[in-house]
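Peer 1: Here is the input, now give the coordinates:
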Amino acid sequence: MPNIDLDIEVYEFVRACSKRDIKELIKELVDEGHLPKDLYFKNGELKKEMNRKLSSEIDFEEKLDKLKTKYFSLNKDEEDSLEKIFKKHL
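Peer 2: Sure thing, here's the model as predicted:
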C-alpha cells in the first residue's frame with residue numbers, strides 16, 4: 001500500500017465524512033485498539049452514548065489496582081489512613 005502524505009486537519013477530514021464513513025472510522029479505530037470495544041452492542045450496532053471517564057478517573061483506578069497488590073508492604077500508618085478513607089466514603 002502506498003504511503004500518502006496529506007496536509008489536512010483532523011477536523012476537516014471528519015467534517016467531510018458522511019455518517020456511514022464515521023461509523024466505519026469508529027469501527028476501524030475499535031478494531032485497531034484505539035477505542036474501547038464496548039462502543040458496540042453485541043449485535044454490532046454502534047452505541048449512541050459512551051460512558052466516558054476522565055483521565056484523572058482512569059489514573060485513580062489504575063493506582064488503586066496497583067495498590068491492591070501492595071497490601072503486605074503497607075505500614076500501620078498507611079493502613080490506618082486507608083481505613084479512614086474507607087470509613088468516610090464506603
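
Peer 1: for the chain, which spans come out with low pLDDT?
Peer 2: By pLDDT under 70, the low-scoring segments of the chain are 1-2, 41-44, 46-54.

Peer 1: Mark out where each domain of it begins and ends.
Peer 2: The record's domain split for the chain, according to automatic domain parsing, is 1-51, 55-89.

Peer 1: Throw these into a markdown table and include mean neighbour count, thanks.
Peer 2: Placement of C-beta: from N, CA and C, glycine included. As requested, those are exported to a markdown table (neighbours: other C-beta atoms under 10 Å):
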| stretch | mean neighbour count |
| --- | --- |
| domain 1-51 | 9 |
| domain 55-89 | 9 |
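
Peer 1: Output stretch 4-14 as CSV, restricted to C-alpha atoms.
Peer 2: Taking Å, rounded to 0.1, in the frame of the first residue of the first chain, the C-alpha atoms of stretch 4-14 are listed here in CSV:
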residue,chain,number,x,y,z
ILE,A,4,0.3,9.1,1.1
ASP,A,5,1.1,12.3,2.9
LEU,A,6,-1.8,14.6,3.1
ASP,A,7,-1.8,18.0,4.7
ILE,A,8,-5.3,18.0,6.2
GLU,A,9,-6.5,18.8,9.7
VAL,A,10,-8.4,16.1,11.5
TYR,A,11,-11.5,18.2,12.0
GLU,A,12,-11.5,18.9,8.2
PHE,A,13,-11.4,15.2,7.5
VAL,A,14,-14.2,14.4,10.0
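
Peer 1: What lies in contact with that stretch?
Peer 2: With C-beta atoms under 8 Å, 6 or more residues apart in numbering as the test, stretch 4-14 has contacts from 22, 25.

Peer 1: distance between that stretch and the chain's centre?
Peer 2: Centroid separation for stretch 4-14 versus its chain: 24 Å, with C-alpha atoms, centre = their mean, to the nearest Å.
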